Structure formats: structure tokens, C-alpha cells
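1. Structure of the sequence below:
(one chain, ligands or ions: 2)
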Amino acid sequence: MEKKELLYEGKGKKIYSTNDEYVYIAEFKDDLTAFNALKKSQEDGKGALNCKITTELFKLLELNGIQTHLVEKLSDTELAIKKVDIIKIEVVVRNIATGSLTKRLAIDDGKELPFTLVEFYYKDDSLGDPIINDEHCLILNLVNDVKELDVLRAMGRKVNDILKPFFYEKGLTLVDFKLEFGKDKDGNIILADEISPDSCRFWDVKTKEKLDKDRFRQDIGNVKVAYEEVLRRILGENR
Ligand code: TMP
Ligand code: ASP
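-> Ligands and ions are numbered 1, 2, ... in the order given. Alright, predicted model coming up:
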């Protein structure tokens, strides 16, 4: 596959066109950003770790009936992905209250939620990705109708139903995560972007140690060691 033009550069990935009009290449970067890129750093090897973790998790989701944009892993940091039109809604799924939820609503940090919470955020960096409801999504024309929002919610819950027990078996609590979806050439809504410690929160079941980007956000340190540990657990090496 031939890598052609750089189409888009986000905070964590670059997207290139290829000689196949329906296939793009996603290249995972070593850049680490937080708080809408107010805080920036670099971590050698982070891109490769997120590329591998995303590949493993997307394959697991595909096996369990979730369609994703993954075509194949091309190198340490590159995935061939299906071309999609990204839906500008960040779907956040939460099992335990932390992060912005605790700040916004004064819920105790670490409180297990009575049911899985699905939230929508408007994917717009210039606005700082504000939380939005169904009606905002329709007014902003982010989707065609409420049925599509129901699909996003259902897919978010299904991903949680697959990943939460998967990680629990590996000694990790899946606290919350963010998904992005896109429409493929046939108009199907499929899972896109990545699932990695950049976009999820993982806490060690026993020690409650944070093994995700909160280590960078909160200056805890050893970011790469934590991402390596998440990959090690995914690959089946439990503690
Ligand atoms: P939050 O508590 O900061 O709203 O984050 C919820 C989840 O979404 C958490 O797993 C981190 C992830 N996330 C992203 O992937 N990108 C973002 O821009 C933000 C704010 C959160
Ligand atoms: N994804 C955002 C950033 O990279 C915010 C965050 O993850 O904290 O700046």
C-alpha cells in the first residue's frame, strides 16, 4: 500500500491517503497532550504502544460483532484503516465517576455509578469539546436523526460490555473511555479513531494505581511504563 498525502494531523495521529481511495493510513504519534493541548510533551515509543493496543482491542471488538475501521496493522506505528466520515461527537462511556464528571457534578471521585453512563461531547477543539445533549447534536447537524444517536449509545454500551470484563480478568478496572465513530462508504456507522491509554482510564484492580494518560495529566510520571503494563495485560500476562 502506498502512503500518499497527509490529509489531517490531530493531537495523537496523522491521517494519510493511499493509492486505494477507500483506505487511509493512521500514523500514531509520540506526542502527549492534555487539557486541549495546553499541556504538551513527547514520549518515545508511545505511538507504537497505542498502535498495538488499539489493534488488539479493535480485533477483539470485531470478533464480538463491533465493526471498526481497522483493515490491518502495517508497521509499529501505522494502521491501514477504512475511509470514514468522522461523526463529530465524542462518545464517553463511564463506569466509575472521575475526571470531568466529578468536577462538573461534585460526585465523589471513585464512586461506582449505579449504571453505565454514556455522554456526548462536541468534537471541536476551538470550543474545548463541550458536553452536549441529543437536541444539540441535531441542531448542529452532527447526525441525521435520533436513531443514529441511539446507535452511538448502543455501540458505546456494547463496547463497554465487551471490554469491561476483558480488562477485569486482566486485573484492570475500565473506569471510563472515549470513542469516535464514522460513516463508511455505505453509510454504516463503524468504530473509528483509537482505544488506548490516551482515550481510556484504567485502574489496577488491587492497588487502584492509574495506568493511563492521567499519569501525564496529573504529573504522576512513568507514563510509558504504565502504557507498557496495559499492553502486557492485554496480551494475557496477568498479575
Ligand atoms: P473526562 O473525565 O476528562 O471527561 O474524560 C473522560 C474519558 O474520555 C477519559 O477516559 C479520557 C477520555 N478523553 C479523551 O479521550 N479525550 C479528551 O479530549 C478528553 C477530555 C477525555
Ligand atoms: N485529548 C485532549 C488533549 O489532548 C484532552 C485530554 O485528553 O486531557 O489535549
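
2. residues touching the residue of the chain found nearest ligand 1, list them.
-> Distances between the chain and ligand 1 by CB to the nearest ligand atom are smallest at residue 99, namely 2.2 Å. From N, CA and C alone the C-beta is placed, and that goes for glycine too. For residue 99, the contacting residues are 176, 201, 214, by CB atoms under 8 Å, 6 or more residues apart in numbering.

3. Throw those into a markdown table and include pLDDT, neighbour count and secondary structure, thanks.
-> Output for those, formatted as a markdown table (pLDDT from 0 to 100; neighbours: other CB atoms under 10 Å; DSSP: H, G, I helix; E, B strand; the rest coil):
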| residue | pLDDT | neighbour count | secondary structure |
| --- | --- | --- | --- |
| 176 | 99 | 24 | strand |
| 201 | 98 | 22 | strand |
| 214 | 98 | 20 | helix |
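
4. just those that are near ligand 2?
-> Restricting those to those touching ligand 2 (CB under 6 Å from any ligand atom) yields no residues.

5. would CSV of the residues you listed with distance to residue 156 be doable?
-> What follows is those, written out as CSV (distance: CB to CB, whole Å):
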residue, distance to residue 156
176, 11
201, 15
214, 21
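
6. Export stretch 63-74 to PDB, keeping only CA atoms.
-> The C-alpha trace of stretch 63-74 is given here as PDB (Å, rounded to 0.1, in the frame of the first residue of the first chain):
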ATOM      1  CA  LEU A  63     -14.600 -10.800  17.000                       C
ATOM      2  CA  ASN A  64     -17.500  -9.700  19.200                       C
ATOM      3  CA  GLY A  65     -19.600  -8.100  16.500                       C
ATOM      4  CA  ILE A  66     -18.500  -4.500  16.500                       C
ATOM      5  CA  GLN A  67     -17.500  -3.200  13.100                       C
ATOM      6  CA  THR A  68     -14.300  -1.000  13.200                       C
ATOM      7  CA  HIS A  69     -12.300   1.000  10.700                       C
ATOM      8  CA  LEU A  70      -9.300  -1.400  11.200                       C
ATOM      9  CA  VAL A  71      -8.000  -3.000   8.000                       C
ATOM     10  CA  GLU A  72      -4.600  -4.200   9.100                       C
ATOM     11  CA  LYS A  73      -1.500  -3.200  11.100                       C
ATOM     12  CA  LEU A  74       1.200  -2.000   8.700                       C
END
